[in-house]
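# Predicted model follows, preceded by the sequence.
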Amino acid sequence: MITNTGTSSEQTDVDRSDPVYRAWLKESVRRVHADANRSADTHLLRFPLPGEWGIDLYLKDESTHPTGSLKHRLARSLFLYGLCNGWIRPGKPVIEASSGSTAVSEAYFAKLIGVPFIAVMPRTTSSEKTRLIEFHGGTCHLVDDPRTVYEVSARLAAETGGHYMDQFTYAERATDWRGNNNIAESVFQQMRMERHPEPAWIVATAGTGGTSATIGRYVHYMQLDTRVCVADPENSCFFDGWVNADADAVCERDSRIEGIGRPRMEPSFVPGAVDRMIKVPDAAGVAAVRALERVMGRRAGGSTGTGLWAAFRIVAGMLREGETGSVVALICDPGDRYLDKYYSDTWLAAQGLDIAPPSAVIDRFLATGEWTG
Ligand SMILES: *Cc1c(COP(=O)(O)O)cnc(C)c1O
């Protein structure tokens with residue numbers, strides 16, 4: 001409310017405080033905190049490797065969050081950031097450009113605080129994710145050209161008076177990278193009683209880049225020796241952009257590995273937080289995620305396979321160099337979202353992906369430690 005009347009040049013005191021809005025804001029922040037308070041931490045699983053290698057491989061299982069992916073952490077951070085900045089308003093929609101997982105988690109938090117949610121996604125997004133977004137009360141706005149998701153989201157926000165969350169810009173800053181039980185702090189806590197408690201490598205994949213930024217910054221902040229590797233799929237510009245220090249790197253085609261691989265260097269991707277990048281062929285990523293099911297009886301999404309392939313390669317390299325230590329990779333989301341993709345031989349054939357050669361590389365590696373990929 002404006003307590004001073006008169007023309008603007010005469011105003012010296014403008015009070016826009018609004019007790020009704022503030023009560024709503026308080027209640028919304030409480031609900032987001034309460035959701036976290038009801039949740040347990042995600043597991044750090046061991047991927048079995050021969051004990052005599054002296055190298056331990058762990059998987060941080062982010063698929064066990066209430067909305068099934070590592071995007072639960074991001075959505076919580078983005079909602080708190082948007083609420084505390086006064087950007088999310090009662091009755092106004094939250095809009096997001098997403099390849100799916102973020103939208104699933106954000107739809108959940110939007111429902112939790114009672115605001116509408118609209119996801120702007122490429123038409124190629126898996127039908128299961130569309131179903132999950134609608135299950136959580138969200139609306140899906142599908143676009144043909146994945147490169148237009150940003151502008152379409154901004155336009156929808158302007159038209160509806162809503163808030164464009166913009167994960168690709170804000171992921172790195174909405175997350176509290178110094179701690180607050182972020183993914184990095186959680187991993188290091190859970191590693192404390194292992195034989196190699198400080199991982200030689202943590203392997204992430206990049207969609208927004210937020211996860212690798214959080215891990216890299218945390219490692220630097222805590223003065224640790226752990227190095228951060230990002231595994232990048234085909235049809236993504238992150239690898240070339242990072243190697244050539246080219247912030248304008250682009251990629252024409254849409255990534256086939258949902259959640260990771262981007263057509264542009266996203267603002268949330270922080271190159272200086274990353275020590276190493278490994279380009280992983282899509283067939284190799286799918287082969288790795290199938291191997292995960294054979295070895296551990298768990299199905300995960302394609303991005304998990306991309307990271308796992310890179311982790312195998314790193315372990316093989318350490319073994320060759322006679323190094324011991326530990327390596328941590330991530331289970332990013334569950335495989336049941338992709339039964340019509342990474343677990344479908346029909347889909348693989350239609351994509352021209354032959355997973356037999358990389359599967360043979362993995363089998364040989366797991367049996368002998370040798371890497372022939
Ligand atoms: C977003 C996402 C990633 C990558 O995480 P970022 O923090 O966005 O880089 C990996 N896997 C899946 C399934 C994702 O949805």
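Alright, I've got the coordinates.

# For the stretch 151-300 of the chain, just list every one of the strands.
Along the stretch 151-300 of the chain, the stretches classed as strands by DSSP state E, counting those that start in this stretch are 163-164, 201-205, 227-232, 276-279.

# Run through the helices of this structure in chain order.
With DSSP state H as the criterion, the chain has helices at 19-38, 71-84, 101-113, 127-135, 149-160, 167-174, 183-191, 210-221, 238-243, 282-296, 302-320, 345-350, 356-368.

# In JSON lines, list those helices along with mean pLDDT.
Shown next, in JSON lines, are those (pLDDT from 0 to 100):
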{"stretch": "helix 19-38", "mean pLDDT": "97"}
{"stretch": "helix 71-84", "mean pLDDT": "97"}
{"stretch": "helix 101-113", "mean pLDDT": "97"}
{"stretch": "helix 127-135", "mean pLDDT": "91"}
{"stretch": "helix 149-160", "mean pLDDT": "96"}
{"stretch": "helix 167-174", "mean pLDDT": "96"}
{"stretch": "helix 183-191", "mean pLDDT": "98"}
{"stretch": "helix 210-221", "mean pLDDT": "98"}
{"stretch": "helix 238-243", "mean pLDDT": "98"}
{"stretch": "helix 282-296", "mean pLDDT": "98"}
{"stretch": "helix 302-320", "mean pLDDT": "98"}
{"stretch": "helix 345-350", "mean pLDDT": "98"}
{"stretch": "helix 356-368", "mean pLDDT": "98"}
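
# which parts of the stretch 251-373 of the chain sit against the ligand?
Residues of the stretch 251-373 of the chain lying near the ligand by CB under 6 Å from any ligand atom: G259, I260, G301, S303, C332, D333. Using the backbone N, CA and C atoms, a C-beta is placed for each residue, glycine as well.

# Out of those, which comes closest to L70?
Using CB to CB, C332 comes nearest to L70 of these, at 5.2 Å.

# Now the residue in the chain that the ligand sits nearest to: phi and psi?
Relative to the ligand, the nearest point of the chain is G259 (2.6 Å; CB to the nearest ligand atom). Here is the backbone geometry of G259 (degrees, to the nearest 10): phi 100, psi -20.

# need the contact list for it.
S69, K71, S99, G100, S101, T205, G207, G301, G302, S303, C332, D333 (CB atoms under 8 Å, 6 or more residues apart in numbering).

# ok, the closest residue to the first one other than its chain neighbours - how many residues close by?
Distances taken as CB to CB, 6 or more residues apart in numbering put D333 closest to S69, at 3.7 Å, once the chain neighbours are dropped. Counted with other CB atoms under 10 Å, the neighbours of D333 add up to 28.

# what does the stretch 1-150 of the chain have sitting close to the ligand?
So far as CB under 6 Å from any ligand atom goes, the stretch 1-150 of the chain lies against the ligand at S69, L70, K71, S101.

# And the residue nearest to L330 when sequence neighbours are not counted, what's its pLDDT?
Of all residues not flanking L330 in the chain, K60 sits nearest, at 5.0 Å (CB to CB, 6+ apart). The per-residue pLDDT reported for K60 equals 98.

# give me every residue that touches K60.
T42, H43, L44, L45, I183, S186, V187, Q190, V328, A329, L330, I331.

# same deal with G317?
Residues counted as contacts of G317 (CB under 8 Å, 6+ apart) are W371.

# and what of V280?
Applying CB under 8 Å, 6+ apart, we find V280 in contact with A231, D232, P233, T306, W309, A310.

# ok, for the last one, nearest residue in space, not its chain neighbours?
Nearest in space to A310, with sequence neighbours left out and distances taken as CB to CB, 6+ apart, is A231 at 3.6 Å.
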